[in-house]
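In: here is a sequence together with a model predicted from it:
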Amino acid sequence: MAELKKKEAQPANDLERDAIARLSAAREWKQYWLLDFKEAYFFSAPHRQRQISSETYPPRQRQLDAPELNTDQAFLLCGDFVTELTNAYMPEAQRWVERGPGMDLPKEVWDSAKVNWQGKILPLKEVVRGDDAKIFDAIKASNFYSEIPKAFNPDIAIGTCGLWIDRPVPSKPIQALAVPLRELEVNLGPDGEIDDRFVVQFKRNSYVRGFLGEDIWNKIAKDVRDAIEAKPGDRTEIVKGFWRKWDRTHDECWQHVVLVKSKLVHEAELEGEGSCPLLVPRFDPSADWPWGIGPMIKGLPTFRQIDELERQRMEHGELALTPPTTYPDDSFTEIEQGLEPGMAYPIRPGTESAVKKIYDVPEGKAAEYQYAEKLKNLRKLFFVDYPEQTGDTPPTLGQWLDELARAQRRIGTPGMSFWREGPCKIFLRYKFLLERAGSIFPVQVDGRAMAATPYNPAQRAAEQQEIATATQCAQILAQMFPEEWKMAIDGTKTMQAFVEKMRTSGLLKFRDPNGVAQVLQRIAQISGGTAPGATPPAQAGAPAAA
């Protein structure tokens, strides 16, 4: 019988064996990071589940070591970091991704191409911009911005987070769900990026059927279904996994599997950019590990130090208020637990001076317990070191903007991987779901799809610097060569270039050439002169033109 059970436990086919092997390898990767993850949670989220391994369901009890934490600095810094990261890369009021020509599509084709859109021949740019607006409307209509804090705080500060984006009910908005670190298992692929990715959940049996859906539920063996329904209060391990099929070179393709109690019950191939619902954004990853190395991991040594300094300061204050005391043990009631204020204790005559302090507690020196410099370094590490007034004179607006631009450049460099794995993939996922629903249509030119153009804070800071430099150059040239400047510079095209660079084309609208000519004509009529490019009025008495 034991041999029969062992034989039945073996994988049923190659795909099931492959899925279990990939999941096992991902769990092995995580084992090397468990201590860092748990310590990071202790400082930044002590009430979160700290059983990071996905092999068993976490215990149904709260962590009991939260009172041992002496500072709340990690709470503040992680919250500020999440806010800064969200506002820098995914501001709710702006479009934080834009599609443009890919590397194989010439810019001239992108500028002049027209497509058939709903029976109308329209410029390609106009169609793409309109669809991009629909994508961001769908993001705002979903629960994305309310779910982001749950997914990011403090996981993205630790370095890695999980986000599941799908549309389980076609009649309802797209849904985003946070995936905690304890449920997430990942591996590096052949390109050095996250490839194998699994969500391991222990669902209550009463929810398993609804969670999987009828199609997958009916694929489970009948005896397993009966066992699940017989114990609705128990929990069942459900694994959803994805990995790239690298032999498919024509398009992005993912292998999807669902395991219930380590048995393969569903498989599918997902094709198309954005077809994978499980996204794994990382902040500042390395080439050695699948996990990102965020500011929370890097700041652990300093968090230990400031927590210890705060503990010592509190102990010194307590010692000064209630110093150690001696008393004669043969004179009155035992008081090993200390003396209570306002209480009277009987003593024998002659032992009045026996109750006294053992020693005088030295006066505390504030400098010994100050960690302002350490906090300043931590704020810099978390990219929330906002400009400060260091002297009596407040900084000028230019100095303030320079400081903000410098901060944007700092977070932009380590966040480039985060942008590609987070905001860019989120945009593509929503785009894929809307295309599948028919809300927008795939736009291609010569068989090539539009690419999503990176637009992160580092690029924004560089473009703002470019705009400032161009403005300064224009002011100098206009003052030095006023007449030549007016003849050489095309004002309308220059304004359009500035508007496009500053991403305000949706707010500022330019008149067409006919509208410009009409305005100039009206100005000429009001001023009594001739508008530039307009025909001068015929002089009185002059013969009319033939």
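Out: That came through, no problem.
In: which SS state does Lys237 fall under?
Out: Residue 237: Glu, not Lys. strand (DSSP: H, G, I helix; E, B strand; the rest coil).
In: list the contacts for it?
Out: Val200, Gln201, Phe202, Leu259, Val260, Lys261, Ser262 (CB atoms under 8 Å, 6 or more residues apart in numbering). C-betas here are computed from N, CA, C, even on glycine.
In: bridging residues for it?
Out: Here Glu237 sits in beta bridges with Phe202, as judged by DSSP bridges.
In: okay, domains of the chain per the record?
Out: As assigned by automatic domain parsing, the chain contains the domains 8-299+412-437, 454-527.
In: quick revisit: from the contacts of Glu237, which two are the most distant?
Out: Gln201 and Ser262 (13.6 Å; CB to CB).
In: pull up the overlap in contacts between these two.
Out: With CB under 8 Å, 6+ apart as the test, Gln201 and Ser262 both reach Glu237, Val239.
In: more neighbours, the two?
Out: Higher neighbour count among Gln201 and Ser262: Gln201, with 19 against 13, using other CB atoms under 10 Å.
In: if I've got this straight, Glu269 is in a strand?
Out: Yes. Counting by three-state DSSP, Glu269 is found in a strand.
In: isn't it right next to Val257, touching?
Out: No. With contact defined as CB atoms under 8 Å, Glu269 and Val257 do not form a contacting pair (10.5 Å).
In: those two: which is more packed in?
Out: Neighbour count, other CB under 10 Å: between Glu269 and Val257, Val257 has more, with 22 against 11.
In: and what about that one, helix, strand or coil?
Out: strand.
In: for it, give me its contacts.
Out: Leu15, Glu16, Ala19, Val239, Lys240, Gly241, Phe242, Leu264, His266, Glu267.
In: give me the buried subset of those.
Out: Glu16, Ala19, Val239, Lys240, Gly241, Phe242, Leu264, His266 (16 or more other CB atoms under 10 Å).
In: which of those residues fall within strands?
Out: Val239, Lys240, Gly241, Phe242, Leu264, His266 (DSSP state E).
In: Val516: how many residues sit nearby?
Out: Applying other CB under 10 Å, I find that Val516 has 14 neighbouring residues.
In: go on, the one 3 residues further on?
Out: Taking other CB under 10 Å as the criterion, the count of residues near Val519 is 12.
In: report pLDDT for it.
Out: The score at Val519 is 77. That number is its pLDDT.
In: now flag whichever of the contacts of Glu237 is closest to Ser275.
Out: Leu259 (19.9 Å).
In: pretty sure that closest one sits against Ile220.
Out: No. Counting by CB under 8 Å, Ile220 is not a contact partner of Leu259; they are 10.7 Å apart.
In: give the residues shared as contacts by these two.
Out: The contact sets of Leu259 and Ile220 overlap at Val265 (CB under 8 Å, 6+ apart).
In: Throw the contacts of Glu237 into CSV and include pLDDT and distance to Ser417, thanks.
Out: Formatted as CSV, these follow (pLDDT from 0 to 100; distance: CB to CB, whole Å):
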residue, pLDDT, distance to Ser417
Val200, 96, 24
Gln201, 94, 27
Phe202, 94, 31
Leu259, 96, 29
Val260, 95, 34
Lys261, 93, 35
Ser262, 91, 33
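In: for ChimeraX, what selects the buried ones among the residues you listed?
Out: Buried subset of the contacts of Glu237, written as a ChimeraX selection, criterion 16+ other CB under 10 Å:
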select :200,201,259,260
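In: closest to Asp137 out of the contacts of Glu237?
Out: Distance to Asp137 across those (CB to CB) is lowest for Gln201, with 30.7 Å.
In: check contacts around that closest one.
Out: Gln201 is in contact with Glu183, Glu237, Ile238, Val239, Lys240, counting by CB under 8 Å, 6+ apart.
In: can you check Leu124 too?
Out: With CB under 8 Å, 6+ apart, Leu124 has these contacts: Trp110, Ala113, Lys114, Val115, Val443, Val445.
In: and those residues, which is closest to Arg60?
Out: Using CB to CB, those come closest to Arg60 at Val443, 50.4 Å.
In: so for that closest one, what's the pLDDT?
Out: For Val443, the model assigns a pLDDT of 72.
In: how about Val128?
Out: Listed pLDDT for Val128 reads 84.
In: do the same with the one 3 residues further on
Out: At Asp131, the model reports a pLDDT of 89.
In: against Gly119, how distant is it?
Out: 16 Å (CB to CB, to the nearest Å).
In: and those two? which has more neighbours close in?
Out: Asp131 (20 against 5).
In: where's that one, which helix or strand?
Out: Element membership of Asp131, judged by DSSP states H and E, is helix 124-141.
In: which parts of the helix or strand following that helix count as buried, going by neighbours?
Out: For helix 124-141, the succeeding helix or strand toward the C-terminus, using DSSP H and E, is helix 144-152. For helix 144-152, the neighbour count (16+ other CB under 10 Å) marks Phe144, Glu147, Ile148, Ala151, Phe152 as buried.
In: okay, these in CSV with distance to Gln175 and pLDDT next?
Out: Listed next are these as CSV, based on distance: CB to CB, whole Å; pLDDT from 0 to 100:
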residue, distance to Gln175, pLDDT
Phe144, 9, 95
Glu147, 8, 95
Ile148, 13, 94
Ala151, 13, 94
Phe152, 17, 95
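In: out of these, who's nearest Gly294?
Out: Of all the buried residues of helix 144-152, Phe152 has the smallest distance to Gly294: 10.4 Å, by CB to CB.
In: Gly412: which of the contacts of Leu124 is nearest?
Out: Trp110 (25.4 Å).
In: skipping its backbone neighbours, what lies nearest the closest one in space?
Out: Nearest in space to Trp110, with sequence neighbours left out and distances taken as CB to CB, 6 or more residues apart in numbering, is Pro101 at 3.8 Å.
In: what's the spacing between that neighbour and Val443?
Out: To Val443, Pro101 is 12 Å away according to CB to CB.
In: comparing the two, which residue is more hemmed in?
Out: When neighbours are counted by other CB under 10 Å, Pro101 and Val443 differ, and Pro101 comes out ahead with 21 against 16.
In: weakest of the domains of the chain in terms of mean pLDDT?
Out: The bottom spot among those, by mean pLDDT, belongs to domain 454-527, with a mean of 76.
In: which other residues reach whatever helix or strand Glu39 lives in?
Out: Counting by DSSP H and E, the element that carries Glu39 is helix 34-44. With CB under 8 Å, 6+ apart as the contact definition, helix 34-44 has outside contacts at 48, 50, 52-53, 65, 69, 71, 74-75, 77-78, 154, 157-158, 181, 296-297, 300, 303, 307.
In: after it, which helix or strand is next?
Out: Next along from helix 34-44, by DSSP H and E: helix 73-89.
In: strands paired with the following helix or strand past that following helix, and their directions?
Out: Per DSSP H and E, the first helix or strand lying C-terminal to helix 73-89 is strand 98-100. Partners of strand 98-100 in the sheet, by DSSP bridges, are strand 451-453 (antiparallel).
In: so which of the domains of the chain is the most packed in?
Out: Highest mean neighbour count of the domains of the chain: domain 8-299+412-437, a mean of 17 (counted as mean count of other CB atoms under 10 Å).
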